[in-house]
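Colleague: here is a sequence with its predicted model. Questions after.
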Amino acid sequence: MDKIKISKGTTIIEMPRARVSVGGEEVAKEITMASGKLVKEMIGHRAVVSAEWEWLPVDTIKDLHELLRQGGYFSVEYPDPVAGGASGMFSVSYPETKIFKFNGTEPRWYGVSLTMTAQEVV
């Protein structure tokens, strides 16, 4: 699997091939004891998937914005370094874009990045 699919209901957007990084963030509770000692209770880790594209068609960005306006969590399928492919429910940020340009006769956005944060803590 080398592409990211984002869906909600019957709407599915298959993003073109991208540079994908899969990481995580620690989820924990920190409590300061009466003695002043700081205690951290680990709850787990939350997956964070980031993707970057050099050139992305304008229609793909438009479709993605329309999907994200529905709000909530989205089903995301993404490449995983261990399993080859993984999926889950994620909150998806609006894409960050840098430069708009016509590549030949095709309108495209350059330097697009997207961050997806898992709903589930593992």
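Modeller: Good, I have the coordinates.

Colleague: contacts, neighbours, all on C-alpha from now
Modeller: Will do.

Colleague: and the longest strand seen in the chain, what other elements does it pack with?
Modeller: The strand that spans the most residues within the chain, counting by DSSP state E, is strand 38-57. Here strand 38-57 touches strand 19-32, strand 106-118, going by 3 or more Cα pairs under 8 Å, 6 or more residues apart in numbering; DSSP states H and E.

Colleague: and the angle for the helix or strand bottoming out on mean pLDDT in the chain with strand 106-118?
Modeller: Using mean pLDDT, DSSP states H and E, the weakest-scoring helix or strand in the chain turns out to be strand 99-103, at a mean of 84. Between the axis of strand 99-103 and that of strand 106-118 there is an angle of 140 degrees, by axes from the mean of the first three to the mean of the last three Cα atoms, to 10 degrees.

Colleague: what's the angle from strand 99-103 to strand 38-57?
Modeller: Going by the same axes, to 10 degrees, strand 99-103 makes 30 degrees with strand 38-57.
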